[in-house]
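K.L.:
Structural data only, the sequence is not supplied:
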């Protein structure tokens, strides 16, 4: 992946022109790393929250208590990727995205080490932050 390819992907995500099939788990962690690079969790959270919600709507989805945007999982993955970037200190946004994908791109179910299925499926977790019930975040 090149800087240009990642920038084109993110432009499609931000403008709602990205095909729904391209918004994979790997794409989620790449976007998280891109936005977190040189920024902070607190600064990125409202931005990524709005962009995911807008993207869902742009591909015909909805953001409801049972579908679409999931606040707890978004915060979980931002925290996980942020911890990775703080530990490894990549040299560029592209390196950050590559690192996140290499580390977590195939780890779609990692949240199940931290959250029971009941918590993840709970509409309150979709609408607001829930702390992990199985083990604390790193």
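P.N.:
Noted; the coordinates are in hand. Fair warning: this is a prediction, and the values are worked out from it, not measured in the lab.
K.L.:
gap between the most centrally placed residue in the chain and residue 55?
P.N.:
Residue closest to the average C-alpha location in the chain (CA atoms, centre = their mean): residue 28, at 4.2 Å. Distance of residue 28 to residue 55, given as CB to CB, to the nearest Å: 11 Å. Where C-beta positions appear, they are placed from N, C-alpha and C, glycine not excepted.
K.L.:
Next up, the contacts around residue 135.
P.N.:
113, 114 (CB atoms under 8 Å, 6 or more residues apart in numbering).
K.L.:
Check which helix or strand it maps to.
P.N.:
Here residue 135 sits in a region with no helix or strand, counting by DSSP states H and E.
K.L.:
before we move on, what about residue 18?
P.N.:
Residue 18 belongs to no helix or strand, assigned by DSSP H and E.
K.L.:
which ones are touching it?
P.N.:
By CB under 8 Å, 6+ apart, the contact set of residue 18 is 9, 12, 55.
K.L.:
can you pull the pLDDT of it?
P.N.:
pLDDT recorded at residue 18 is 92.
K.L.:
Likewise for residue 118?
P.N.:
pLDDT, residue 118: 89.
K.L.:
Tell me how far residue 117 lies from residue 134.
P.N.:
Distance, residue 117 to residue 134, using CB to CB: 10 Å.
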